[in-house]
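[1] The amino acid sequence is not available; the structure is as follows:
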């Protein structure tokens with residue numbers, strides 16, 4: 001079974017000076033703008049106490065389900081989607 005990641009495209013608006021700086025950083029670090037903003041969002045969320053509390057709760061629940069890493073999450077997601085496709089529509 002192939003790894004089926006689903007990404008969604010969003011639009012954001014930035015002031016020209018911030019856009020210029022972001023483009024400079026992306027170019028300097030050999031990243032795409034998407035990679036740069038994903039990393040910025042990850043870093044932002046990692047400093048948010050509510051986000052950290054959510055991560056702790058979900059990690060605990062994941063361990064109880066036997067989920068050890070991201071590949072387990074991907075596998076379970078793929079299995080769930082496949083099961084839903086097999087069920088007749090209501």
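    That came in fine, so what should we check first? In this text the structure is predicted, and so the values were computed from the model without any measurement.
[2] can you give me the helices in this protein?
    Using DSSP state H, the helices of the chain run over 16-28, 33-46, 49-64, 70-86.
[3] would you list those helices in TSV and tack on mean pLDDT, mean neighbour count and distance to residue 8?
    Every residue, glycine included, has its C-beta placed from N, CA and C. Shown next, in TSV, are those (pLDDT from 0 to 100; neighbours: other Cβ atoms under 10 Å; distance: least, Cβ to Cβ, whole Å):
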stretch	mean pLDDT	mean neighbour count	distance to residue 8
helix 16-28	96	11	20
helix 33-46	91	12	11
helix 49-64	86	11	19
helix 70-86	86	11	15
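[4] closest one to residue 7 among those helices?
    Shortest distance between residue 7 and these, using Cβ to Cβ, is found for helix 33-46: 8.5 Å.
[5] In terms of secondary structure, what does the closest one contact?
    helix 16-28 (3 or more Cβ pairs under 8 Å, 6 or more residues apart in numbering; DSSP states H and E).
[6] Ramachandran coordinates for residue 68?
    Here is the backbone geometry of residue 68 (degrees, to the nearest 10): phi -110, psi -30.
[7] From residue 59, how far out is it?
    Between residue 68 and residue 59 the computed distance is 11 Å (Cβ to Cβ, to the nearest Å).
[8] ok, now which ones touch residue 66?
    Residues in contact with residue 66 (Cβ atoms under 8 Å, 6 or more residues apart in numbering) are residue 72.
[9] Just the pLDDT at it, thanks.
    In the predicted model, residue 66 carries a pLDDT score of 84.
[10] now it: how far from residue 83?
    In terms of Cβ to Cβ, residue 66 sits 17 Å off from residue 83.
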